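**Q** Any chance you can model this:
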Amino acid sequence: MSKKVETKFKRIETKYILDRKQLAAVLDDFKNHLVEDDYPTSTISNIYFDTPSYQMIQDSAERLWKREKIRMRTYDAYPTEDSQVFLEIKKKENGVGLKDRLTSRPKSVLDFIHHSIVDETITNPTLLETMAELRARYGKIEPMMYIYYDRFSMKGIEDKKVRVTIDQNILYRPYDVSLFAGKYGYPLLDENQVIMEIKVPEVYPTWLQAIIDKYGLERVSFSKYGTAHTKLEEELAEEKLVERAVV
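**A** I've put the predicted structure just below:
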């Protein structure tokens, strides 16, 4: 029996940046409360869509509108034209993360993004409505950033709706923005760092908050795409300084 694919999410998502020593200790404490997800390890490749000037992510960084992000994601280790992909639009309202998604194929998603072509896989009404709003606001939207990482996923034993993910080996590139070009790019974090994300429908259960407090972990406002864009802007600024120095 195939697993039912959720198309709408509403939850509070909180990120923490840990070093690997902290991670080992935290995971040890999680053992009594979390188990591995049904598919605990995954390789995730993402294409983020934006305007040619990155206006969407700039608006998101300035907390304008609903901080929307559009991405195509696959869990296939070696994506092909036949790979299952998810087209997702993420947004935030009053601190709560919302996500609409649909299941499709790479070509269908790109045809939809580039030419508004809708085939039998492009079926999520809310996503279609949001996409129309974003097109009206921003105009041309196209693939602008590739981001890859390895993920380990856990879920609550008793608190079934608690999910924890660990992302590491995160790479990004603003060139060769394709799922089929390979897993390479610039490192997003230091080699010793990982991102732990906790996803809950409301407040943390007591045991989870106790573990967070035990290690003094602090929540961070962190976006992989936003951080990649910031690094890109810094690199471009440095290149301009070098060019001026040469002249």
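**Q** which stretches of this structure form strands?
**A** All strands of the chain, identified by DSSP state E, fall at 8-19, 34-50, 69-74, 85-93, 96-104, 142-156, 163-173, 186-187, 193-200.
**Q** Mind checking those for the one nearest to E218?
**A** E218 sits nearest to strand 8-19 of all these, at 7.0 Å, using CB to CB. The way it works is simple: take the backbone N, C-alpha and C, and place the C-beta from them, glycine included.
**Q** hang on, the earlier thing: mind putting the strands of the chain into JSON lines with mean pLDDT and mean neighbour count?
**A** Shown next, in JSON lines, are these (pLDDT from 0 to 100; neighbours: other CB atoms under 10 Å):
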{"stretch": "strand 8-19", "mean pLDDT": "82", "mean neighbour count": "15"}
{"stretch": "strand 34-50", "mean pLDDT": "95", "mean neighbour count": "17"}
{"stretch": "strand 69-74", "mean pLDDT": "96", "mean neighbour count": "22"}
{"stretch": "strand 85-93", "mean pLDDT": "89", "mean neighbour count": "20"}
{"stretch": "strand 96-104", "mean pLDDT": "86", "mean neighbour count": "18"}
{"stretch": "strand 142-156", "mean pLDDT": "96", "mean neighbour count": "20"}
{"stretch": "strand 163-173", "mean pLDDT": "96", "mean neighbour count": "19"}
{"stretch": "strand 186-187", "mean pLDDT": "95", "mean neighbour count": "12"}
{"stretch": "strand 193-200", "mean pLDDT": "94", "mean neighbour count": "19"}
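**Q** want to throw those strands into a markdown table with distance to L128?
**A** Converted to a markdown table, the strands of the chain look like this (distance: least, CB to CB, whole Å):
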| stretch | distance to L128 |
| --- | --- |
| strand 8-19 | 13 |
| strand 34-50 | 15 |
| strand 69-74 | 12 |
| strand 85-93 | 10 |
| strand 96-104 | 9 |
| strand 142-156 | 18 |
| strand 163-173 | 27 |
| strand 186-187 | 34 |
| strand 193-200 | 25 |
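**Q** So T165 sits against F152, correct?
**A** Yes. Using CB atoms under 8 Å, T165 is in contact with F152, at 7.0 Å.
**Q** hmm, back to that, closest to A237 out of the strands of the chain?
**A** strand 186-187 (15.5 Å).
**Q** Alpha carbons only: can I get stretch 71-87 in PDB?
**A** C-alpha atoms of stretch 71-87 as PDB (Å, rounded to 0.1, in the frame of the first residue of the first chain):
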ATOM      1  CA  ARG A  71      10.700  25.100  -4.000                       C
ATOM      2  CA  MET A  72      10.800  21.800  -5.900                       C
ATOM      3  CA  ARG A  73      12.100  18.900  -3.700                       C
ATOM      4  CA  THR A  74      13.100  15.300  -4.300                       C
ATOM      5  CA  TYR A  75      14.200  12.600  -2.000                       C
ATOM      6  CA  ASP A  76      15.800  10.500  -4.800                       C
ATOM      7  CA  ALA A  77      19.500  10.100  -4.300                       C
ATOM      8  CA  TYR A  78      20.100  10.400  -8.000                       C
ATOM      9  CA  PRO A  79      17.200  12.400  -9.500                       C
ATOM     10  CA  THR A  80      16.000  11.700 -13.100                       C
ATOM     11  CA  GLU A  81      13.200  13.000 -15.300                       C
ATOM     12  CA  ASP A  82      11.000  10.300 -13.800                       C
ATOM     13  CA  SER A  83      11.700  11.100 -10.200                       C
ATOM     14  CA  GLN A  84       8.900  12.000  -7.800                       C
ATOM     15  CA  VAL A  85       9.200  15.600  -6.800                       C
ATOM     16  CA  PHE A  86       7.200  17.800  -4.500                       C
ATOM     17  CA  LEU A  87       6.300  21.400  -5.500                       C
END
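**Q** Contacts for it, please.
**A** 39, 42-49, 70, 88, 90, 101-107, 109-110, 112, 122, 127, 179-180, 225 (CB atoms under 8 Å, 6 or more residues apart in numbering).
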